[in-house]
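**Student:** Quick check, what structure comes out for this input:
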Amino acid sequence: MIQAVLFDLGETLVNFVGVDYYAAFRRGAALAYEYLRERGQPLPNLETYHRRQLRAMQRAYFRSHFGRQDCHAVEVMAGINRRMGLTTQLEDLQRLTALFYEPVREQGTPEPGLHELLQWLQHRGCQLGIISNTIVPGFALDEHLRQEDLIEYFGVRLYSCDVGCRKPQRRIFQMALTALGVEAKHAMFVGDKLRRDISGANRAGMISVLKRPAGRPPWGLTRPDYVVTELRELPELIERIADTD
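**Tutor:** As a prediction, this is how the structure comes out:
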């Protein structure tokens, strides 16, 4: 019996297909620049500010992507701001991070039928959670979920940059299971990445479900237990699994 369903965030619960991340970052830089300008910070011109912030975040992203622990956007921004001679307190850094993320948030689209699915899962008695690899801090992602009226569904939300480990490490899955009080064999994880999501869920002993919109079968050594093309297929899948228990 499935007692909990955990999800990846980006491209699983919320889709960002077609987002021009460079254009979004440039717009975010303009918003952050205006925030700092209004506070009398000694700024270079906007293009220089944008370029230096972009390079710092790109380096942080690649360190996270190829490492075992995500960088934290607030810490990255604190470092680059110091090197640029800017004086920013924690409250400023959090606001700046949110401003950089805002143009991306605006283009994110919840998976079709998501609210109905989550209500169905809750009615069935399933606990819900999120495990996401990200350098964007939890307060910004939680605000995104709040604006989409989604946050109330997820009692457990683990963001890699906040908890100090990332998928596919077994530890982050076990942290979520412990927080929910559910054994791995009674928990399902749904994600869109074979190496991070499916490999990690398999290592943790969870039921793994690959969301693969193109419908093509996965390739490689890592194999999910199940494949769906959209999340609206989960109720039928869960009922089918229940019938085999």
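**Student:** Mind giving me the packing neighbours of the helix or strand of the chain with the lowest mean pLDDT?
**Tutor:** Every helix and strand in the chain was compared by mean pLDDT, DSSP states H and E; the lowest is helix 46-66, with a mean of 91. Counting by 3 or more CB pairs under 8 Å, 6 or more residues apart in numbering; DSSP states H and E, the packing neighbours recorded for helix 46-66 are helix 21-38, helix 73-83. For the C-beta atoms, the positions are set from N, CA and C on the backbone; glycine is no exception.
**Student:** could you redo those as TSV and give each row mean pLDDT, distance to residue 54 and mean neighbour count?
**Tutor:** What follows is the helices and strands packed on helix 46-66, written out as TSV (pLDDT from 0 to 100; distance: least, CB to CB, whole Å; neighbours: other CB atoms under 10 Å):
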stretch	mean pLDDT	distance to residue 54	mean neighbour count
helix 21-38	97	6	16
helix 73-83	94	10	18
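**Student:** Distance check, residue 77 against residue 212.
**Tutor:** Distance check for residue 77 against residue 212: by CB to CB, to the nearest Å, it reads 35 Å.
**Student:** Please disregard the earlier target; I meant residue 140.
**Tutor:** 28 Å.
**Student:** Look at these two and report which has more neighbours.
**Tutor:** More crowded of residue 140 and residue 212, by other CB atoms under 10 Å: residue 140, with 21 against 16.
**Student:** now that one, what's its secondary structure?
**Tutor:** Recorded secondary structure, residue 140: helix (DSSP: H, G, I helix; E, B strand; the rest coil).
**Student:** give the contact list for it.
**Tutor:** 73, 97, 98, 101, 105 (CB atoms under 8 Å, 6 or more residues apart in numbering).
**Student:** Of those residues, which is the most crowded?
**Tutor:** Going by other CB under 10 Å, residue 73 tops the contacts of residue 140 with 25 neighbours.
**Student:** contacting residues around that residue?
**Tutor:** So residue 73 contacts 57, 60, 97, 100, 135, 136, 137, 140, 161 (CB under 8 Å, 6+ apart).
**Student:** can we see that at 10 Å?
**Tutor:** Residues in contact with residue 73 (CB atoms under 10 Å, 6 or more residues apart in numbering) are 56-57, 60-61, 93-94, 96-98, 100-101, 134-137, 140, 161.
**Student:** so where do the helices sit in the protein?
**Tutor:** Ranges of helices in the chain, per DSSP state H, are 21-38, 46-66, 73-83, 90-107, 114-123, 138-147, 160-163, 170-180, 199-204, 234-244.
**Student:** got the angle for the second one vs helix 73-83?
**Tutor:** When you say that, I think you mean helix 46-66. Angle, helix 46-66 to helix 73-83, by axes from the mean of the first three to the mean of the last three CA atoms, to 10 degrees: 140 degrees.
**Student:** again with the first one
**Tutor:** For the pair helix 21-38 and helix 73-83, the angle between their directions (the same axes, to 10 degrees) equals 60 degrees.
**Student:** one step back: which of the contacts of residue 73 are buried? Put it as a PyMOL command.
**Tutor:** To isolate the buried members of the contacts of residue 73 in PyMOL, using 16 or more other CB atoms under 10 Å:
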select buried, resi 56+57+60+93+94+96+97+98+100+101+134+135+136+137+140+161
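**Student:** Could you report the distance from residue 137 to residue 206?
**Tutor:** Taking CB to CB, one finds residue 137 at 26 Å from residue 206.
**Student:** care to break this protein down by domain?
**Tutor:** Using automatic domain parsing, the domain parsing of the chain gives 4-16+109-244, 21-107.
**Student:** With respect to burial, which of those domains scores highest?
**Tutor:** domain 4-16+109-244 (a mean of 18; mean count of other CB atoms under 10 Å).
**Student:** can you list the weak-confidence ranges in this structure?
**Tutor:** For the chain, applying pLDDT under 70 flags the ranges 68-69, 215-218.
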